[in-house]
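[1] Return a 3D structure for these sequence lines:
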Amino acid sequence: MSEGVAHILHGTAASAGVGVGRPFVLKREERYEPSASGAEEKLTADEAASVLVHWHEIVGQLRGRYDALIGSAESEVVRRVLEAQRMILMDPELQRQVGRAVQEELNPLLSAIHREFAGWADRWASSGAEWVEERVADLLSVRDDLVLTAQGKKREYPLSGQTILFADELAPVEMISMARTSLQGLVLLRAGQTSHAVILAKSLGLPCVVGVDWDGGRAREAYGSVGGWQCRGSLVIGGRCGTWVVGGNGKCRLAREGWHW
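    Prediction:
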């Protein structure tokens, strides 16, 4: 891409405002995936009893983290969204199903978590209700938090300086954790107007553009892969008109053309 040339690309406006910052691509760490053959070794009865205790400990640890986020919520909207995440975690039927998969079927814990959450996600995704389908990302975020907790890990977001975040989708806990750092705006591939990512962006005053194939199609033709331009300087996104701009002079060009955000 030539110095000073702005490439203007469009998505769907989701949260109004202008964000200026360096791009950061949220890359998912490899998550646990069960064996495709289903040939994982079963637990013994004694092992299952110990794993079941560990399962309840993991739920308690994660609830403690969610409670801490809720306690420091920036607004009533943020608090309610986080409480919805906690409700998924603490759903008694979901907890019983994971426990039953361990205790009665002798499945390893990560396999049990993955299977039961996948079943719920499939049912939510096929519900026919848009707002329920939008919550699948929330459900899978809780699953991933449980898996990370079981593995003794935590999500890490190494943002520095003013940042525009690029992601396929974003779960509430991720959104809030990063908004408390240096986040200036969001460009998302998958997020609807009723998704918690968009609701939170509006509540937190973060410009957001959705429905953007930011690592393919016209975007790739304009500047190559995302990994190739992360260090090329700042970009601008406009959450009111659904536009994002890559290029050294992007901000000046938009001002000169009189764009309203």
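
[2] Just give me the longest helix of the chain.
    helix 45-71 (DSSP state H).

[3] And the average pLDDT for the longest strand seen in the chain is what?
    Criterion DSSP state E: the longest strand present in the chain is strand 18-25. For strand 18-25, mean pLDDT is 80.

[4] Can you tell me the strand partners of that strand and which way each runs?
    As defined by DSSP bridges, the strand partners of strand 18-25 come to strand 163-167 (parallel), strand 235-238 (antiparallel).

[5] Buried residues, the longest helix of the chain. List them.
    For helix 45-71, burial by neighbour count (16 or more other C-beta atoms under 10 Å) applies to 48, 51, 52, 55, 58, 59, 62, 66, 69, 70. To be clear about C-beta, it is placed using only N, CA and C from the backbone, and glycine gets the same treatment.

[6] lowest-confidence stretch among the strands paired with strand 18-25?
    Of all the strands paired with strand 18-25, strand 235-238 has the smallest average pLDDT, which comes to a mean of 67.

[7] follow-up on the earlier one: need the buried residues of helix 45-71 in a markdown table with distance to residue 88 and pLDDT, can you?
    Below are the buried residues of helix 45-71 laid out as a markdown table (distance: C-beta to C-beta, whole Å; pLDDT from 0 to 100):
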| residue | distance to residue 88 | pLDDT |
| --- | --- | --- |
| 48 | 24 | 97 |
| 51 | 21 | 97 |
| 52 | 20 | 97 |
| 55 | 16 | 97 |
| 58 | 14 | 97 |
| 59 | 11 | 98 |
| 62 | 11 | 96 |
| 66 | 10 | 95 |
| 69 | 14 | 92 |
| 70 | 14 | 95 |
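
[8] could those residues be laid out in TSV, adding distance to residue 167?
    Output for the buried residues of helix 45-71, formatted as TSV (distance: C-beta to C-beta, whole Å):
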residue	distance to residue 167
48	37
51	33
52	34
55	29
58	25
59	26
62	22
66	21
69	19
70	23
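
[9] Quick one: residues contacting the residue most central in space within the chain.
    Residue closest to the mean C-alpha point of the chain, counted by C-alpha atoms, centre = their mean, is residue 170 at 2.2 Å. Shown in contact with residue 170 (C-beta atoms under 8 Å, 6 or more residues apart in numbering): 26, 137, 186, 188, 191, 197.

[10] Try it again at 7 Å.
    186, 188, 191, 197 (C-beta atoms under 7 Å, 6 or more residues apart in numbering).

[11] and it, what helix or strand is that in?
    Assigned by DSSP states H and E, residue 170 falls within no helix or strand.

[12] returning to what we had before: mind checking which of the contacts of residue 170 are in strands?
    186, 188.

[13] Greatest separation within the contacts of residue 170: which pair is it?
    186 and 191 (8.3 Å; C-beta to C-beta).

[14] now the strands for the stretch 1-150 of the chain?
    7-10, 12-15, 18-25 (DSSP state E, counting those that start in this stretch).
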